[in-house]
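Novice: Provided below for reference: sequence and predicted model.
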Amino acid sequence: MEELIKSKLKEIEEKENIKILHCVESGSRAWGFASTDSDYDVRFIYVRPKEFYLRLDKTRDVIEWQLDDTLDINGWDISKALSLLYKSNPTLFEWNSSPIVYKTTKEWESIAAIINKYFVAKSGLYHYLSTAKSNYSEYLKGEIVRFKKYFYVLRPVLACKWILAEGTPPPMLFSDLMGKYLDASIRIDVLKLLDLKMNNPEITEGNRFEKVNEYLDKTILEIEEQIKSLPSTHEQNWDELNNVFLSII
């Protein structure tokens, strides 16, 4: 599959007349809890020829290349990526730290060298908390639940705990988050859920895990209270992003 993905990247570069700067796995495979039938969430950052950035008429700054049962491939233009980095968009920190890298370049290294300067804890916390709350209310309140959805709540909750404690972007791997910040009281249940998630199809359902739900109820409220005490303002600087953008194009 890795060879197929790399061949797709070459095809995209040729047909779109771009250079891919960084390409990673971004979904459950990168988080370390893929199911037996999980697809591949391939994400990339690309740059076009410099003339493109001097035009009055612009094309889209996103390439959506493929979406089927096996592959989900899309990417962002470098201008979009850096503009979102200025706003501390959590997605970019995840792509930068993915353990599964299909391609990277020296140009991306110049971004990786400064990326954490643009991390704003409060922005990351609100992103992960919102993700946890929406998935929890939509998928885990019934008597019968889809087991995979627990990890779309547990991972962002633990990411919040990481940010509150460390002040840095959380790691991609769920095992890193779990090893450091998961309460011992639910560890056995979470390990059972991991086994169910990774050794069964995505749609596998069953009775909800009451102890895990109780933990999520309590922890989400605690995180909300902790976020309120954090400062709201954080000034960023465009200079380094402008410089790296100019050096890349």
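Specialist: Sure, I can see it. Numbers count the residues shown, from 1 in each chain.
Novice: contacts, neighbours, all on C-alpha from now
Specialist: Will do.
Novice: What is the neighbour count of Tyr152?
Specialist: With neighbours defined by other Cα atoms under 10 Å, the count for Tyr152 comes to 19.
Novice: Which stretches in the protein count as helices?
Specialist: Using DSSP state H, the helices of the chain run over residues 2-16, 28-31, 78-86, 90-97, 106-112, 121-139, 151-166, 174-181, 187-198, 210-228, 239-248.
Novice: Adding distance to Val42 and mean pLDDT, write those out as CSV.
Specialist: Listed next are the helices of the chain as CSV, based on distance: least, Cα to Cα, whole Å; pLDDT from 0 to 100:
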stretch, distance to Val42, mean pLDDT
helix 2-16, 8, 97
helix 28-31, 10, 96
helix 78-86, 16, 97
helix 90-97, 10, 97
helix 106-112, 17, 97
helix 121-139, 20, 96
helix 151-166, 18, 98
helix 174-181, 18, 97
helix 187-198, 19, 97
helix 210-228, 30, 96
helix 239-248, 22, 97
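Novice: any chance of those helices in TSV, plus distance to Asp61?
Specialist: Output for these, formatted as TSV (distance: least, Cα to Cα, whole Å):
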stretch	distance to Asp61
helix 2-16	12
helix 28-31	24
helix 78-86	6
helix 90-97	15
helix 106-112	18
helix 121-139	22
helix 151-166	27
helix 174-181	30
helix 187-198	35
helix 210-228	33
helix 239-248	15
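Novice: Quick one, which of the ones you listed gets closest to Tyr46.
Specialist: helix 78-86 (5.6 Å; Cα to Cα).
Novice: re earlier: so which of the helices of the chain gets nearest Phe52?
Specialist: The nearest among the helices of the chain, by Cα to Cα, is helix 78-86 at 11.0 Å.
Novice: Just the buried positions in the closest one, please.
Specialist: For helix 78-86, burial by neighbour count (16 or more other Cα atoms under 10 Å) applies to 78-79, 81-82, 85-86.
Novice: One more: stretch 173-180?
Specialist: So for stretch 173-180, counting by 16+ other Cα under 10 Å, buried means 173-174, 176-178.
Novice: pretty sure Leu71 contacts Arg43?
Specialist: No. Between Leu71 and Arg43 there is no contact under Cα atoms under 8 Å: 10.6 Å.
Novice: what about those two, which has more around it?
Specialist: Set Leu71 next to Arg43 and count neighbours by other Cα under 10 Å: Arg43 wins out with 21 against 16.
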